[in-house]
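Chemist: Take a look and give me a structure for this.
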Amino acid sequence: MSSSTPGTGKAGPFQRLRSTVAVTAAKLATTASRATGRGAGGMIGGLVAGAIDPNILDELAGRPTILVTGTNGKSTTTRMLVSALRTKFTVASNDGGDNMDAGIISALLADSSASHVVLEVDELHVPAIAQRLKPEALVLLNLTRDQLDRVGEINSIERALRKTVEMHPSMTVVANCDDVLMTSVAFDAPRVVWVSAGAGWLGDSVSNPRGDGHIVRTSEDWYATKPLKDGREFRRPTPQWSVTDEGLTAPDGTTHPLDLALPGRANRGNAAQAVAAAVDVYGVDTAAAIAATEQVDDVAGRYTTITWGDRDIHLLLAKNPAGWQEALSMVNREADGLVIAVNGQQGDGEDLSWLWDVKFEEFDDIAVKASGERGTDLAVRLLYAGISHELIHDPLKAIQACPPGKIEVLANYTALLNLKTALLKEVSHG
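Modeler: Model prediction:
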């Protein structure tokens with residue numbers, strides 16, 4: 001019996017029975033969810049299994065596992081890493097983006113025969129998940145301000161992740177050395193693969209997270225102005241892997257072309273870390289890993305284009321200042337209209353003060369519609385940015401108010417999810 005099957009290890013008869021019941025109930029709940037059209041079953045099975053057996057994650061551990069975490073890019077990097085590893089292994093993953101306990105349990109239950117596991121994990125859940133699954137590797141992308149009402153201050157997340165790395169010294173850490181906070185997390189790890197993946201948002205890495213002084217940046221370097229208490233210099237490590245406009249440079253100095261299907265500079269950084277993890281942790285061929293990442297063209301519908309009548313609607317997801325700034329850079333400035341939709345539900349964070357950190361000022365050459373449940377908050381921000389706009393709370397009506405042609409839609413989590421569902425319904429009804 002494989003180690004991924006409940007009931008192995010040192011569990012007693014009662015625990016084995018409990019795990020078996022949990023797995024059976026989870027599978028029934030997942031099947032029912034899909035059959036009734038209530039969802040894809042990415043969470044319900046895990047919720048049921050976790051309620052019946054709080055130790056189910058311990059029972060499901062045992063396979064070679066990589067965790068991927070960071071404020072932005074988790075789903076994309078995970079999808080790319082899975083694609084790269086599947087050139088050599090079978091892989092289980094939470095590719096629907098359900099990155100907390102229930103989604104992780106569901107992913108492990110759904111594909112118990114896969115040889116390897118790749119999981120995106122919410123930053124707050126990494127310590128507990130790592131303690132239970134004992135991962136072989138941890139991919140650290142970036143740390144920036146997110147949902148303040150849920151996540152809290154980013155420095156506390158950095159310290160929790162740093163403690164996790166300390167508690168798992170045999171774990172390989174694949175870290176973005178251009179991100180000051182993630183470098184701090186990995187700085188003392190015995191086994192680190194440093195990747196220059198870029199850092200588009202610098203607003204949360206001004207001070208030294210490990211000591212006194214502030215961070216100084218030059219074109220290809222950063223350093224703290226004061227030494228650490230032990231006398232060491234806190235400075236950008238030399239990367240083994242680097243991504244540039246020309247391609248991805250490997251540790252041997254060879255630069256490989258990188259022609260991604262996904263847009264944006266940030267996705268090139270995501271691909272660099274996915275390739276580095278696949279090659280350095282599990283020995284995947286570099287060319288094969290790069291080719292696999294290049295084939296990824298959609299991540300949970302976040303880059304989808306939907307044709308609705310005489311409009312081609314391109315969907316982009318953004319969730320926090322760094323993500324919004326990156327997504328804004330992907331917007332087609334030649335589009336016929338731009339709908340920006342903002343909700344404030346639990347999945348989005350109720351505190352939208354981050355809107356004032358996003359630079360909307362450059363969108364004065366395109367017809368803009370402010371939309372979503374919190375469209376009024378967005379409209380006020382656009383007003384102070386000097387952007388001519390129209391407030392239409394219903395995103396579907398906002399799209400209809402745009403001229404025919406190419407429409408760009410930039411939305412946060414629940415706004416995008418709800419809009420995509422509504423659009424597909426409209427399209428199916430003709």
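Chemist: Which SSE is immediately downstream of the helix or strand containing residue 162?
Modeler: Using DSSP states H and E, residue 162 sits in helix 154-167. Downstream of helix 154-167, the next assigned helix or strand under DSSP H and E is strand 172-176.
Chemist: ok, then the element right after that following strand?
Modeler: helix 180-186.
Chemist: What is that next one packed up against?
Modeler: strand 137-140, helix 154-167, strand 172-176 (3 or more Cβ pairs under 8 Å, 6 or more residues apart in numbering; DSSP states H and E). In this view, the C-beta of every residue, glycine as well, is placed from N, C-alpha and C.
Chemist: export the ones you listed to TSV and tack on mean neighbour count?
Modeler: Shown next, in TSV, are these (neighbours: other Cβ atoms under 10 Å):
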stretch	mean neighbour count
strand 137-140	28
helix 154-167	17
strand 172-176	26
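Chemist: Pick out the shakiest of these, pLDDT-wise.
Modeler: Looking at those, the lowest mean pLDDT belongs to helix 154-167 (a mean of 94).
Chemist: so where's the stretch 1-150 of the chain shaky on pLDDT?
Modeler: Across the stretch 1-150 of the chain, the ranges flagged by pLDDT under 70 are 1-43, 45-50, 146-150.
Chemist: Output stretch 417-430 as CSV, restricted to C-alpha atoms.
Modeler: Only the C-alpha atoms of stretch 417-430 are listed here, as CSV (Å, rounded to 0.1, in the frame of the first residue of the first chain):
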residue,chain,number,x,y,z
LEU,A,417,-15.2,34.8,-11.2
ASN,A,418,-18.8,36.2,-11.2
LEU,A,419,-18.3,38.0,-14.5
LYS,A,420,-16.9,35.0,-16.3
THR,A,421,-19.8,32.8,-15.1
ALA,A,422,-22.3,35.5,-16.3
LEU,A,423,-20.5,35.9,-19.6
LEU,A,424,-20.4,32.2,-20.4
LYS,A,425,-24.1,32.0,-19.5
GLU,A,426,-24.9,34.8,-21.9
VAL,A,427,-22.8,33.2,-24.7
SER,A,428,-24.5,29.8,-24.2
HIS,A,429,-27.9,31.4,-24.5
GLY,A,430,-26.9,33.1,-27.8
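Chemist: Tell me who's in contact with residue 196.
Modeler: 176-178, 239, 241-243, 272 (Cβ atoms under 8 Å, 6 or more residues apart in numbering).
Chemist: Please repeat the previous calculation with a cut-off of 7 Å.
Modeler: 177-178, 239, 241-243 (Cβ atoms under 7 Å, 6 or more residues apart in numbering).
Chemist: for the residues you listed, which one is nearest residue 429?
Modeler: Nearest to residue 429 out of these is residue 243 (Cβ to Cβ; 43.2 Å).
Chemist: residues near residue 260, how many?
Modeler: 18 (other Cβ atoms under 10 Å).
Chemist: wait, residue 287
Modeler: Counted with other Cβ under 10 Å, residue 287 comes out at 14.
Chemist: Would you confirm that it belongs to a strand?
Modeler: No. Under DSSP: H, G, I helix; E, B strand; the rest coil, residue 287 falls outside any strand and is assigned helix.
Chemist: To what extent is the closest residue to it other than its chain neighbours buried, counted in neighbours?
Modeler: Counting by Cβ to Cβ, 6 or more residues apart in numbering, residue 287 lies nearest to residue 256, which is 6.9 Å off, once chain neighbours are set aside. Per other Cβ under 10 Å, the neighbour tally for residue 256 reads 15.
Chemist: And residue 256, what's its pLDDT?
Modeler: 98.
Chemist: That one and residue 322, how far apart?
Modeler: 27 Å (Cβ to Cβ, to the nearest Å).
Chemist: ok, back up a step: need the contacts of residue 196 in JSON lines with neighbour count and distance to residue 346, can you?
Modeler: Listed next are those as JSON lines, based on neighbours: other Cβ atoms under 10 Å; distance: Cβ to Cβ, whole Å:
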{"residue": "177", "neighbour count": "26", "distance to residue 346": "34"}
{"residue": "178", "neighbour count": "27", "distance to residue 346": "31"}
{"residue": "239", "neighbour count": "21", "distance to residue 346": "37"}
{"residue": "241", "neighbour count": "23", "distance to residue 346": "36"}
{"residue": "242", "neighbour count": "23", "distance to residue 346": "38"}
{"residue": "243", "neighbour count": "26", "distance to residue 346": "34"}
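Chemist: Kindly indicate which of those residues lies nearest residue 399.
Modeler: For those, the nearest to residue 399 is residue 243 (34.4 Å; Cβ to Cβ).
Chemist: The nearest residue to the closest one once chain neighbours are set aside: what's it in contact with?
Modeler: Take residue 243 and drop its neighbours on the chain: the residue closest to it by Cβ to Cβ, 6+ apart is residue 272, 3.9 Å away. Listed by Cβ under 7 Å, 6+ apart, the contact set of residue 272 reads 195, 197, 241, 243, 248.
Chemist: Now for residue 223, which secondary structure element holds it?
Modeler: strand 221-224.
Chemist: ah, wrong one, I meant residue 406
Modeler: strand 405-411.
Chemist: pLDDT on that strand, on average?
Modeler: pLDDT averaged over strand 405-411 gives 95.
Chemist: can you tell me how far residue 87 sits from residue 115?
Modeler: 13 Å.
Chemist: Residue 77 too?
Modeler: 20 Å.
Chemist: more crowded one of these two?
Modeler: Taking neighbours as other Cβ under 10 Å, residue 77 and residue 115 compare with residue 77 leading, 31 against 14.
Chemist: What's the local residue count around the closest residue to the more buried one other than its chain neighbours?
Modeler: Excluding the flanking residues, the one nearest residue 77 by Cβ to Cβ, 6+ apart is residue 270, at 4.3 Å. Neighbourhood size, residue 270 [other Cβ under 10 Å]: 35.
Chemist: doesn't residue 270 fall inside a helix?
Modeler: Yes. According to three-state DSSP, residue 270 belongs to a helix.
Chemist: Quick check: it touching residue 73?
Modeler: Yes. Using Cβ atoms under 7 Å, residue 270 is in contact with residue 73, at 4.6 Å.
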